[in-house]
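only geometry, no sequence info:
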(Lines give C-alpha, C1' and ligand atoms only; values in the text may rest on other atoms or scores of the structure.)
Protein backbone atom coordinates (compact mmCIF):
# COMPACT_ATOMS: atom_id res chain seq x y z
CA UNK A 1 0.00 0.00 0.00
CA UNK A 2 2.74 2.45 0.94
CA UNK A 3 6.23 2.62 -0.48
CA UNK A 4 9.26 2.36 1.76
CA UNK A 5 10.11 5.97 0.89
CA UNK A 6 6.66 7.17 1.97
CA UNK A 7 7.02 5.40 5.32
CA UNK A 8 10.48 6.87 5.86
CA UNK A 9 9.08 10.34 5.13
CA UNK A 10 6.27 9.69 7.61
CA UNK A 11 8.89 8.76 10.23
CA UNK A 12 10.66 12.07 9.63
CA UNK A 13 7.44 14.07 9.84
CA UNK A 14 6.43 12.25 13.02
CA UNK A 15 9.76 13.02 14.67
CA UNK A 16 9.54 16.68 13.62
CA UNK A 17 6.00 17.04 14.96
CA UNK A 18 6.17 14.96 18.15
CA UNK A 19 9.89 15.02 18.95
CA UNK A 20 10.26 11.25 19.17
CA UNK A 21 11.36 8.54 16.79
CA UNK A 22 9.22 5.55 15.88
CA UNK A 23 10.39 2.27 14.37
CA UNK A 24 9.62 1.45 10.76
CA UNK A 25 6.78 -1.00 11.46
CA UNK A 26 5.07 1.42 13.86
CA UNK A 27 5.46 4.22 11.31
CA UNK A 28 3.88 1.99 8.67
CA UNK A 29 0.90 1.21 10.92
CA UNK A 30 0.39 4.86 11.87
CA UNK A 31 0.72 6.07 8.29
CA UNK A 32 -1.90 3.55 7.11
CA UNK A 33 -4.26 4.63 9.91
CA UNK A 34 -3.73 8.27 8.93
CA UNK A 35 -4.50 7.54 5.28
CA UNK A 36 -7.62 5.57 6.17
CA UNK A 37 -8.82 8.45 8.35
CA UNK A 38 -8.07 10.98 5.62
CA UNK A 39 -9.99 8.94 3.04
CA UNK A 40 -12.94 8.78 5.42
CA UNK A 41 -13.17 12.54 5.96
CA UNK A 42 -12.16 13.64 2.48
CA UNK A 43 -14.99 12.17 0.46
CA UNK A 44 -16.03 14.25 -2.55
CA UNK A 45 -19.15 16.32 -2.13
CA UNK A 46 -21.94 15.41 -4.50
CA UNK A 47 -22.94 18.81 -5.87
CA UNK A 48 -26.19 17.46 -7.31
CA UNK A 49 -27.53 16.90 -3.79
CA UNK A 50 -26.69 20.49 -2.81
CA UNK A 51 -28.52 22.20 -5.69
CA UNK A 52 -31.77 23.93 -4.78
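Perfect, I can see it now. The model shown is predicted, which means the values in this text are computed figures rather than measured ones.

any chance you could map the helices in the chain?
Using DSSP state H, the helices of the chain run over residues 4-18, 24-41, 47-50.

make a markdown table from these and add mean pLDDT and mean neighbour count to it.
No exception for glycine: its C-beta is placed from N, CA and C like everyone else's. Shown next, in a markdown table, are the helices of the chain (pLDDT from 0 to 100; neighbours: other CB atoms under 10 Å):
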| stretch | mean pLDDT | mean neighbour count |
| --- | --- | --- |
| helix 4-18 | 97 | 13 |
| helix 24-41 | 93 | 12 |
| helix 47-50 | 58 | 6 |
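
give me every residue that touches residue 7.
When contacts are counted by CB atoms under 8 Å, 6 or more residues apart in numbering, residue 7 touches 24, 27-28, 31.

with distance to residue 5 added, can I get these in CSV?
Conversion of these to CSV gives the following (distance: CB to CB, whole Å):
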residue, distance to residue 5
24, 12
27, 12
28, 12
31, 12
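
from these, which is closest to residue 37?
Taking CB to CB as the measure, residue 37 sits nearest to residue 31 out of the contacts of residue 7, at 10.8 Å.

just give the nearest non-adjacent residue to the closest one, would you?
Distance criterion CB to CB, 6 or more residues apart in numbering; nearest residue to residue 31, sequence neighbours excluded, is residue 10 at 4.2 Å.

just checking, the one you found touches residue 29?
No: using CB atoms under 8 Å, residue 10 makes no contact with residue 29, being 10.3 Å away.

which neighbours do these two share?
Once CB under 8 Å, 6+ apart is applied, it turns out that residue 10 and residue 29 contact no residue in common.
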